[in-house]
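*Asks:* 3D model of this:
(2 chains)
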Amino acid sequence: MLSYNSLRIVCPFRALLHPNWLMTNRQTVNKTVTCSAHCVSNNFPKKDTWQRQNNLKPTGNERKLQYSTYAASSPRNYCTGQFKLNCWNCKQPLDQTPAFFCMTCKAVQPPEEDTSLFNIMDCDYKFSLDTHKLQKRYLHLQRSLHPDNFSQKSVEEQEYSESYSALVNKAYHTLLKPLSRGLYMLELKGMVIEEGTDSGADPEFLMELMEINEALDEVKTPEEANKIGQHTKELALVSSSLSGKQAVLTEEIDAALLKGELQSAKALLAQMKYFANIEEKVKEKLSEFM
Amino acid sequence: MAIVSLRNSASSLLLFSRRLFSPELKAQCLYHIKVVDHYENPRNVGTLDKNSKNVGTGLVGAPACGDVMKLQIEVDDHGMIVDAKFKTFGCGSAIASSSLATEWVKGKSVEEALKIRNTDIAKELCLPPVKLHCSMLAEDAIKAALSDYRIKQQDKKEKRVQATG
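*Replies:* Okay, here's the model as predicted:
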């Protein structure tokens, strides 16, 4: 039974052995390259990435390393050196990652743990995502994965389709909005925005936020119908200046994440969060007018 | 995977049924009555003249939830806080925490106000664990206002020294 300590020892040793692989790994993360087959992630490499490294000639030592790291990362699979997952139904190997359905028996598969949401939605791991592609992929996946398609199937299939469908929903909604997408990308790199006061916040920025919020507060729901037009215009002004600011922020966050500047990305995402809150308030006010 | 999803759905079903059949648990899911009181009848909402030498302004933000809080204190010549005003844009707990903070600092000296802790605020408002950071924000706002006041007072002293020297 391998402990986590041995896993840690293996990691740097592996880094010595395959520096090229790790280099490509890091580079492909930062490049805007379609990487469906190469399943890149910044976490500890999952089982699927090992099977993709066809260019590495497996030596005896390497096999041992591979085996020990694999077994430690998923202790439930005490299989003898197999890195591919098998279909729960027909036991045939699943060739795709992520595998939604078995190629052989067409049974729906359970979602793999720790699969990146980017992988599931087959989107490039970058902040400037193509949301049209994302939406198409989402509809395509739900058409086949939705639990309604499995009402006549076995209990396992119903459960797997439910969990996969829910995961696809989560992936779509997380990746759709820039704020949640950025926060998720930070999370993948082990960074979260802590709760509590931001001591490094720019006082002028906070002052600006206060002023926007106060201006928004001033816009009361008018009693006279003819005032609605005027107030709607005021709200539209606030809304458009917000959109402008958010567009600038989106570009800056994209640049920061591409360069790997996580701290500045985190600070920018925090700013985006403040603006997102204001945007919510604008929407609420607008709906009050309706 | 099936076991996990089964457990999740079972636990969510339990939660749902608990909400349906236990009215006292249902109350815990809502804001505490004290928080609602501060939200509906906030005390000391407003602004003080931030250019005045006797006014300290604390402006703090919480990036995780996007809340912004401004707390201002007016201090007399004896170091006693005679007035306090706040403006908070955020959740009900944040508004209640800052409203309570302005109530508490009034009548205290600058040194006494420094001793106000977020745990006291949270206890008074019965804040749930997920909202404890709101009370932290209020404590930080008090400290920021006091710090701003102190800086202004030091500037005032230095100017006086320069004028006489």
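
*Asks:* what residues does chain A have near chain B?
*Replies:* Contact residues (CB under 8 Å from any CB of the partner chain) of chain A with chain B: A:110-111, A:113, A:156, A:159-160, A:162-163, A:193-198, A:201, A:203, A:206-207, A:209-210, A:213-214, A:270, A:273-274, A:276-277. Every C-beta, even on glycine, is put in place using the N, C-alpha and C of the backbone.

*Asks:* now, of these, which are buried?
*Replies:* Buried by 16 or more other CB atoms under 10 Å in any protein chain shown: A:110-111, A:156, A:159-160, A:162-163, A:193, A:195-198, A:201, A:206, A:209-210, A:213, A:270, A:273-274, A:276-277, out of those.

*Asks:* among those, which are in helices?
*Replies:* A:156, A:159-160, A:162-163, A:206, A:209-210, A:213, A:270, A:273-274, A:276-277 (DSSP state H).

*Asks:* break down the stretch 101-250 of chain A into its helices, ranges please.
*Replies:* For the stretch 101-250 of chain A, the helices defined by DSSP state H, counting those that start in this stretch occupy A:117-120, A:131-145, A:155-176, A:178-188, A:203-218, A:225-259.

*Asks:* pipe these into a markdown table and attach mean pLDDT and distance to B:K152 per row.
*Replies:* Putting the helices of the stretch 101-250 of chain A into a markdown table (pLDDT from 0 to 100; distance: least, CB to CB, whole Å) gives the following:
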| stretch | mean pLDDT | distance to B:K152 |
| --- | --- | --- |
| helix A:117-120 | 89 | 49 |
| helix A:131-145 | 93 | 49 |
| helix A:155-176 | 93 | 45 |
| helix A:178-188 | 92 | 37 |
| helix A:203-218 | 88 | 14 |
| helix A:225-259 | 84 | 31 |
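
*Asks:* how near is B:D83 to chain A?
*Replies:* 19 Å (CB to the nearest CB, to the nearest Å).

*Asks:* for my notes, confirm that residue occurs in a strand.
*Replies:* Yes - remark: B:D83 belongs to a strand, assigned using DSSP: H, G, I helix; E, B strand; the rest coil.

*Asks:* check what pLDDT it gets.
*Replies:* B:D83 carries a pLDDT value of 94.

*Asks:* ditto for A:E284
*Replies:* Predicted confidence (pLDDT) for A:E284: 85.

*Asks:* same deal with B:V68?
*Replies:* B:V68 is given a pLDDT of 94.

*Asks:* now it. Its backbone dihedrals?
*Replies:* phi -130, psi 140 (degrees, to the nearest 10).

*Asks:* what sits against it?
*Replies:* Neighbour list for B:V68: A:L206, A:L209, A:M210, A:N213, A:Y274, B:L59, B:V60, B:G61, B:A62, B:T88, B:F89, B:G90 [criterion: CB atoms under 8 Å, 6 or more residues apart in numbering or on different chains].

*Asks:* which residues does it bridge with?
*Replies:* B:G61, B:F89 (DSSP bridges).

*Asks:* out of the helices of the stretch 101-250 of chain A, deepest packed?
*Replies:* helix A:117-120 (a mean of 22; mean count of other CB atoms under 10 Å in any protein chain shown).
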